[in-house]
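quick one: sequence and predicted model below, then my questions.
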Amino acid sequence: MAVEAERAGGGVNWWYDKRTRAIIMQVVVISLFVAFVAYIVNNTATNMESRGLNPGFEFLGQIAGFMPTSPTFNLTDFDVNSSTHWDVFVLGLVNTLLISAFGVVLATIVGFVMGVLRLSKNPLINFLASCYVEIMRNIPLLLHIFIWYFAVWLTLPELFETVDGKRELAAFNVFGLDLIYISQRGINYPSAILNPGWQAIPIALAIAIAGIVFLARWAKKRQDATGQPFPVFWTSIAMLIVFPLIGYAVTGGPIGWDLPEAGRFNLRGGATLPGGMMGLLLALVVYTGAFIAENVRSGIQAVSHGQTEAAFALGLRPNVTMRKVIIPQAMRVIVPPMTSQYLNLTKNSSLAVAIGYPDLVNIFTGVSLNQTGNAVEIIAMTMAVYLTISLTISLFMNWYNKRVALVER
């Protein structure tokens, strides 16, 4: 009535215009947000000045005085006496990315396997898979980490033990080949020595991957046209093995191997996956895999049973039906919640501080912060790292989700 009265009077009250009201509300909200940020920044700067703290990132060039071990860097890669807090940041970032990447891949494999087994018609397999899911996902992750590290990994043999007054290698020698040793300290394995010409091998691997992509597309077109399937999987495996071997042979074997050998107090040579990393990785994989298994189970059950019956009517075997018919349709249900599990796994890796694995939070947000006192800058950098990783994972999974989504004609 008020609007009609205004119009009858020859004018329209601006407050009743939806577009104008929306613009005003957005301006008010943005202004309040900017004022809040300005207040926080000013208050932080005032408090830091009163305590004699100089804001800035100059501390990154200061000598850290410590450098933890890493599965990707040897202590010889850094001079402890000259390593800076920037080096600590880089090492912690690489360790965080490493544990997150391994965790995502392994948790996905475990989750898919257990999710499919939960739907098995074998009552024993179904029961065991259900027990795994219900038990593992209802135990707190921090307790998982303590169990897998202290109660499982640290029960392995010591690297060395004293027998009749002599120190002898006590680590578990995998297959007795003197190549891989497993002990409380971690997994020691041969490391590659890159000589001139080694670039040919990753180039050959890239060519193999590109060839697999084209092969898969050709095989799909061929099957659509003729109905004849092509063994893409086994052909792809062969290409991934043969192409790098050809590159290795053509360049005269440019990669050597540094084998771990028993020294007086430690193994010399090779590389090491620390025990802390393995305990954390096992905990993250087992815990997150249980949640992914439920996502897989619900996605498979979301596919109409008529799809299975139609596949069987066409003479498809159960494993082919699951791989070619059910899983592709279930992915549109599986991918969105699985994205959340990937994000959770990446952020949960920060619990590495509980067992001393040198991730970003442990050594940079912990040790470097205590040494320098630049809490605001270090916390901001750490937050930016996790935000960037999370947004990258989200963007990739959103792109993949669009690829697997059903397209309506």
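Yes, it's here.

torsion angles phi and psi at D164?
Main-chain torsions, D164, degrees, to the nearest 10: phi 50, psi 40.

and the pLDDT for it?
Predicted confidence (pLDDT) for D164: 76.

look up how far N266 lies from it.
Plainly put, D164 is 21 Å away from N266 if you go by C-beta to C-beta, to the nearest Å. C-beta coordinates here come from the backbone N, C-alpha and C atoms, glycine included.

and for A380?
Distance of A380 to N266, computed by C-beta to C-beta: 38 Å.

doesn't S83 make contact with G61?
No: if you go by C-beta atoms under 8 Å, G61 and S83 don't touch, sitting 11.1 Å apart.

neighbour count winner among the two?
More neighbours surround S83 than the other of G61 and S83, with 19 against 9 (other C-beta atoms under 10 Å).

measure the more buried one to Q62 for me?
Taking C-beta to C-beta, one finds S83 at 10 Å from Q62.

then I145?
From I145 over to Q62 (counting by C-beta to C-beta), the distance is 32 Å.

show me where the stretch 51-200 of the chain has strands.
Secondary structure of the stretch 51-200 of the chain (DSSP state E, counting those that start in this stretch): strands located at 160-163, 166-169, 172-173, 181-183, 186-189, 191-194.

list the contacts of the fifth one.
What it means is strand 186-189. 171, 179-182, 260, 267, 270-278 (C-beta atoms under 8 Å, 6 or more residues apart in numbering).

follow-up on the earlier one: out of D164 and N266, which sits in the busier spot?
N266 (12 against 5).

where are the low-confidence patches of the stretch 51-200 of the chain?
72-80 (pLDDT under 70).

apply 80 and report the result again.
Scanning the stretch 51-200 of the chain for pLDDT under 80 picks out the ranges 51-56, 67-82, 162-166.

can you give me the helices for it?
85-117, 123-136, 141-146, 200-226 (DSSP state H, counting those that start in this stretch).

that older thread, derive a PyMOL selection command for the buried subset of the contacts of strand 186-189.
Buried residues within those, by 16 or more other C-beta atoms under 10 Å, are selected in PyMOL with:
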select buried, resi 171+180+181+182+260+267+270+271+272+273+274+275+276+277+278
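
quick one: which two of the contacts of strand 186-189 are the most distant?
Spanning the widest gap among the contacts of strand 186-189 are L179 and G276, at 22.6 Å by C-beta to C-beta.

could you find the closest non-adjacent residue to S82?
I63 (6.5 Å; C-beta to C-beta, 6 or more residues apart in numbering).

does the one you found have beta-bridge partners, and which?
On the basis of DSSP bridges, I63 is bridged to T84.

any low-confidence regions in the stretch 201-350 of the chain?
Using pLDDT under 80, the stretch 201-350 of the chain drops low at 227, 263-265.

give the phi and psi angles for Y357, as a check.
According to degrees, to the nearest 10, the main-chain angles of Y357 amount to phi -70, psi 130.

so that it lines up with my notes, have the first residue be 33 from now on.
Sure, I'll start numbering at 33, so the last one becomes Y389.

circling back: the more surrounded of I177 and Q94?
A direct count of neighbours by other C-beta under 10 Å for I177 and Q94 places I177 higher, at 23 against 14.

so how far is N154 from that one?
32 Å.

need the winner for burial among the helices of the stretch 83-232 of the chain.
Each of those was assessed for mean neighbour count using mean count of other C-beta atoms under 10 Å. The highest is helix 117-149, with a mean of 20.

which helices and strands sit right next to it?
Packing contacts for helix 117-149, counted by 3 or more C-beta pairs under 8 Å, 6 or more residues apart in numbering; DSSP states H and E, involve helix 155-168, helix 307-334, helix 359-380, helix 392-394, helix 407-436.

adding distance to A270, write the ones you listed out as a markdown table.
Below are these laid out as a markdown table (distance: least, C-beta to C-beta, whole Å):
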| stretch | distance to A270 |
| --- | --- |
| helix 155-168 | 32 |
| helix 307-334 | 29 |
| helix 359-380 | 23 |
| helix 392-394 | 39 |
| helix 407-436 | 26 |
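
so which of those helices comes closest to S63?
Comparing the helices and strands packed on helix 117-149 by C-beta to C-beta, helix 407-436 comes nearest, at 23.9 Å.

give me the buried positions along that closest one.
By neighbour count with 16+ other C-beta under 10 Å, helix 407-436 contains the buried residues V408, E409, I410, M413, T414, V417, Y418, I421, S422, I425, M429, N433.

tell me if I'm right that the fourth one and F121 touch.
Yes: with contacts counted by C-beta under 8 Å, M413 reaches F121, the gap being 7.0 Å.

identify the contacts common to those two.
F396.

give me the number of residues near the closest residue to A384 other than its chain neighbours?
Of all residues not flanking A384 in the chain, D391 sits nearest, at 4.2 Å (C-beta to C-beta, 6+ apart). Using other C-beta under 10 Å, D391 has 30 neighbouring residues.

now swap in A224 and tell me
Neighbours around A224, by other C-beta under 10 Å: 12.

can I assume it is in contact with G288?
Yes: here A224 reaches G288: they are 7.4 Å apart, a contact under C-beta under 8 Å.

which ones are touching A334?
With contact set as C-beta under 8 Å, 6+ apart, A334 has these partners: A362, V365.

ignore what I typed, I meant T140.
With contact set as C-beta under 8 Å, 6+ apart, T140 has these partners: G321, I324, M370.

ok, of the residues you listed, which come out buried?
When the contacts of T140 are checked for burial by 16+ other C-beta under 10 Å, the buried set is G321, I324, M370.

which of those residues lies closest to V59?
M370 (39.5 Å).

hang on, the closest one packs against I324?
Yes: if you go by C-beta under 8 Å, M370 and I324 touch, sitting 5.9 Å apart.
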